[in-house]
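Q: Here is the input, now give the coordinates:
(one chain, ligands or ions: 1)
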Amino acid sequence: MAESTKNATLQLDGKSFDLPIYSPTVGPDVLDIRKLYADAGVFTYDPGFTSTAACDSTITFIDGDKGELLHRGYPIDQLAEKSHYLEVCYLLLYGELPSASELEDFESRVTNHTMLHEQMQYFFRGFRRDAHPMAIMVGVVGAMSAFYHDSTDITDPWQREVASIRLIAKMPTIAAWAYKYHTGQPFVYPRNDLDYASNFLRMCFSVPAEEYEVNPILARAMDRIFTLHADHEQNASTSTVRLASSSGANPFACIAAGIACLWGPAHGGANQACLEMLREIGSPNRIPEFIERAKDKNDPFRLMGFGHRVYKNFDPRAKVMKQSADEVLDLLGVENNPTLQVAKELEAAALADPYFTEKKLFPNVDFYSGIILEAMGFPTSMFTPIFALSRTVGWVSQWKEMIGDPQNKIGRPRQLYLGETLRDYVDIEKR
Ligand code: CMC
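A: Residues are numbered from 1 along each chain as shown. Got it, this is the predicted structure:
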C-alpha cells in the first residue's frame, strides 16, 4: 500500500476531517475515504464508479487522455508488435518479462493443461445446439469447479497457481468446443505441438473429414487479437471477478462471473454488436443516417465500437487492430471488403462531427476486431467468446493479486437510500 504524502480536508457541519492522499507511480492522486463513514458518518456517492479506485494494483495502467495502455509498464503497441500472447500472460501473471527458460517452462505448463476432463463433453451436450457460445462458456467455466476440486482452495498458493494455468490453458478448448457444439460439428481435441493461437484455430476449424492447415499469418493475427485483449485494469468484468472473489468464492466461479459481465453490449459484447451494426449500415451512403441516430437523445442507438469510459483519445488497441485488419484482408486476398470500407468511412465521418469530438468519442478495440475475426471465418457469435478467452489472463492476474493482498476484504458498496421510511404492514383486505 502506498504511503500518504498529503491530506485533503473535508468541511462538514462545522467539523473538519483529514483525508489522506496517495500518489500513484503514474496517474492522478487518490483520496482515501475508508474512514469517512466511521469518522464523519457520511458515504460517498459514485454510481458507475466514475471517480472511485476500488483497489491498488501493479498490473496495468491506462492514461485515457494520452490513449496509452501499459502492462507492467510496457506499452501495448510494443507488446503487440514484438511479443506474443503467452509471453504477455507471463508478464501479467508474474510481473516481469520471462527469460527464455522461464518462458519455455511456462509454455509447457500451459500446453500440458489444454485438455478438458472427458466428462465435460457430456456437460456441453446438455445445452441446446442453438445456445449462444457465451451462454455455454458461462456454464462450462463455472462447472470447472465441479471437475477440478484440487484447485479450488484459494488459501493454498499452489492450488491458486494450478487454477490460473488451467484457466488460461483450457479456455481456448472451451471456446472452440462451444463453437463446435453450436455448429453441430464434433469436438476437436487440442494438439500440444501447436502454439496457443494455432491450436485454437485448429480446434475451431478442423473437421474429422479434413485436416485444417493453420496459416501462420492468421495464427499471428489471432495471437495479436489475444494480446490486445489480455488485460484492461479495473473494467466491469475484472471488477466483477474481484467482487465475486472478495467473498472467498473459488476461481472458476469468479471467472464465470467475469464472463457473464463481459457478455453485455456495453462491454465485450460490443464486438458482435459492432459488426452487426456495420453490416446493417451496409453501404457508405447510409452512414449519415446512422450518425444522426447515434446523436439523437431520443434514439437508444449508439455507435458500437465507439467511446470508452477511460479513453478520451484513440484507444491504442484500436490503432493496432485497424492496421491488422488491413494486413489480414490483404493477405487473404480480400479486396474491397464492404464492411471494412463502411467501418473506415464511418470512423472518418464520426471524427469529423463535433458531437463525437466534443464528447471525446473515438473508436475502441471492438471497432475493427470483428472485421478481422469475420475474415478468419468466425461467426459474430464467437467474437465475445474470443474476447473472454483472451481476457482470462487479465482476470486471473487481477484475482491472484487481490488474493495475495493483505488488505483484501469483502466488497460491500453502500447506497443512497431513497425508498419508503419505516411503515407498518397492512393486511391484504385493507390495501
Ligand atoms: N455513440 C453515441 N453516443 C455516445 C456513445 C456512442 N457509442 N458513447 C457515449 N456516447 C455519449 C452518451 O450519449 C453521453 O452523451 P451525453 O453526455 O450527452 O449524455 C456521453 O457520450 C457519455 O457517455 P456515457 O454513456 O456517460 O459514457 P460511459 O463512460 O458511461 O460509457 C461506453 C462508455 C463504452 C459504455 C459507451 O461509450 C458506449 O456505450 N459505447 C458503445 C459500446 C462499446 O463500444 N463498448 C465497448 C467498450 S471498449 C471494450 C470493452 O472494454 O469492453
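Q: so where's the protein shaky on pLDDT?
A: 1 (pLDDT under 70).
Q: can you tell me which residues contact whichever residue of the stretch 1-150 of the chain sits closest to the ligand?
A: When scored by C-beta to the nearest ligand atom, the stretch 1-150 of the chain has Gly48 as its residue closest to the ligand, at 6.0 Å. Quick note: C-beta positions are derived from backbone N, CA and C, even for glycine. When contacts are counted by C-beta atoms under 8 Å, 6 or more residues apart in numbering, Gly48 touches Arg309.
Q: Also Asp32?
A: So Asp32 contacts 4, 19-22 (C-beta under 8 Å, 6+ apart).
Q: if you set the cut-off to 6 Å instead, what comes out?
A: Going by C-beta atoms under 6 Å, 6 or more residues apart in numbering, Asp32 touches Pro20.
Q: one step back: the residue of the stretch 1-150 of the chain closest to the ligand and Ser245, how far apart?
A: As judged by C-beta to C-beta, to the nearest Å, Gly48 and Ser245 stand 21 Å apart.
Q: now swap in Asp105 and tell me
A: Distance from Asp105 to Ser245, by C-beta to C-beta: 27 Å.
Q: Tell me which of those two has more neighbours.
A: Using other C-beta atoms under 10 Å, the more surrounded residue of Asp105 and Ser245 is Ser245, with 26 against 13.
Q: wait, the more buried one sits on Ile255?
A: No - look at Ser245 against Ile255 with C-beta atoms under 6 Å: they stay out of range, at 9.2 Å.
Q: The ligand contacts on this structure?
A: 48, 232, 235, 266-268, 270, 294, 302-309, 359, 361, 364-366 (C-beta under 6 Å from any ligand atom).
Q: at 5 Å what do you get?
A: 266-268, 270, 294, 302-303, 305-307, 309, 359, 364, 366 (C-beta under 5 Å from any ligand atom).
Q: could you dump those to TSV with secondary structure and distance to Thr44?
A: Below are these laid out as TSV (DSSP: H, G, I helix; E, B strand; the rest coil; distance: C-beta to C-beta, whole Å):
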residue	secondary structure	distance to Thr44
Ala266	coil	23
His267	coil	24
Gly268	coil	28
Ala270	helix	29
Ala294	helix	32
Arg302	coil	28
Leu303	coil	32
Gly305	coil	32
Phe306	strand	30
Gly307	coil	25
Arg309	coil	18
Lys359	coil	25
Asn364	coil	28
Asp366	helix	31
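Q: residue boundaries of the helices in the stretch 301-431 of the chain?
A: Using DSSP state H, counting those that start in this stretch, the helices of the stretch 301-431 of the chain run over 316-331, 338-351, 354-358, 366-376, 383-403.
Q: export those to JSON lines and tack on mean neighbour count?
A: Listed next are the helices of the stretch 301-431 of the chain as JSON lines, based on neighbours: other C-beta atoms under 10 Å:
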{"stretch": "helix 316-331", "mean neighbour count": "20"}
{"stretch": "helix 338-351", "mean neighbour count": "18"}
{"stretch": "helix 354-358", "mean neighbour count": "12"}
{"stretch": "helix 366-376", "mean neighbour count": "26"}
{"stretch": "helix 383-403", "mean neighbour count": "26"}
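Q: Present those as CSV; the columns should include distance to Tyr85.
A: Output for these, formatted as CSV (distance: least, C-beta to C-beta, whole Å):
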stretch, distance to Tyr85
helix 316-331, 14
helix 338-351, 24
helix 354-358, 32
helix 366-376, 15
helix 383-403, 8
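Q: Out of the ones you listed, flag the one nearest Val42.
A: Of all the helices of the stretch 301-431 of the chain, helix 383-403 sits nearest to Val42, with 27.0 Å by C-beta to C-beta.
Q: Please report phi then psi for Ile21.
A: The phi and psi torsions at Ile21 (degrees, to the nearest 10) take the values phi -120, psi 130.
Q: just checking, it touches Lys6?
A: Yes - using C-beta under 6 Å, Ile21 is in contact with Lys6, at 4.9 Å.
Q: ok, Asp193 - contacts?
A: For Asp193, no contacting residues are found, by C-beta under 6 Å, 6+ apart.
Q: quick one: secondary structure of it?
A: Three-state assignment for Asp193 (DSSP: H, G, I helix; E, B strand; the rest coil): coil.
Q: what's the answer for Pro24, then?
A: Classification of Pro24 by three-state DSSP places it in coil.
Q: likewise Val188?
A: Once three-state DSSP is applied, Val188 turns out coil.
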